[in-house]
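Trainee: got a predicted structure here, sequence first:
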Amino acid sequence: MHDVTIVGAGPVGLFLACELGLAGCSVLVLERDAEPRSPWKADPLGNRGLTAASMEAFHRRGLLRPLRTASGVDEAPGDGRGTDLDPPPP
């Protein structure tokens with residue numbers, strides 16, 4: 001038994017699963033694509049990439065830098081300080 005079942009392991013589904021898990025819910029994520037190297041997911045952030053809204057949500061939770069690091073994406077362009085990826089102050 002799970003508290004929540006999420007259909008789709010895209011950025012929104014995984015973000016929701018993380019948020020619900022942090023809230024103490026038992027979450028089951030279902031994904032129809034059995035192969036993680038499908039064209040939709042093979043590139044560092046997948047062919048669909050992330051929308052500005054989902055990137056902002058990950059940024060606000062302090063998850064954008066770990067997501068980019070885990071995906072193999074290079075640092076963001078800019079002055080090299082990476083301040084655009086740091087979470088906002090509390």
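Mentor: In hand now; what should we look at? Quick caveat, the model's predicted, so the values are computed rather than measured. Numbering: from 1, shown residues only.

Trainee: buried set for the longest helix seen in the chain?
Mentor: Longest helix in the chain, counting residues (DSSP state H): helix 11-22. Residues of helix 11-22 classed as buried: 11, 13, 15, 17, 20 (neighbour count, 16 or more other CB atoms under 10 Å). (C-beta placed from N, C-alpha, C; glycine too.)

Trainee: what's near enough to touch the second one?
Mentor: Spelled out, that is residue 13. 6-7, 29, 31 (CB atoms under 8 Å, 6 or more residues apart in numbering).

Trainee: again, but for residue 20
Mentor: Listed by CB under 8 Å, 6+ apart, the contact set of residue 20 reads 3-4, 6, 27.

Trainee: residue 62: which of those residues is nearest?
Mentor: Closest approach to residue 62 among the contacts of residue 20 (CB to CB): residue 27, at 19.8 Å.

Trainee: can you give me the strands in the protein?
Mentor: In the chain, the segments counted as strands under DSSP state E are 4-7, 27-30.

Trainee: give me the mean pLDDT for the first one.
Mentor: I take that to be strand 4-7. Average pLDDT, strand 4-7: 96.
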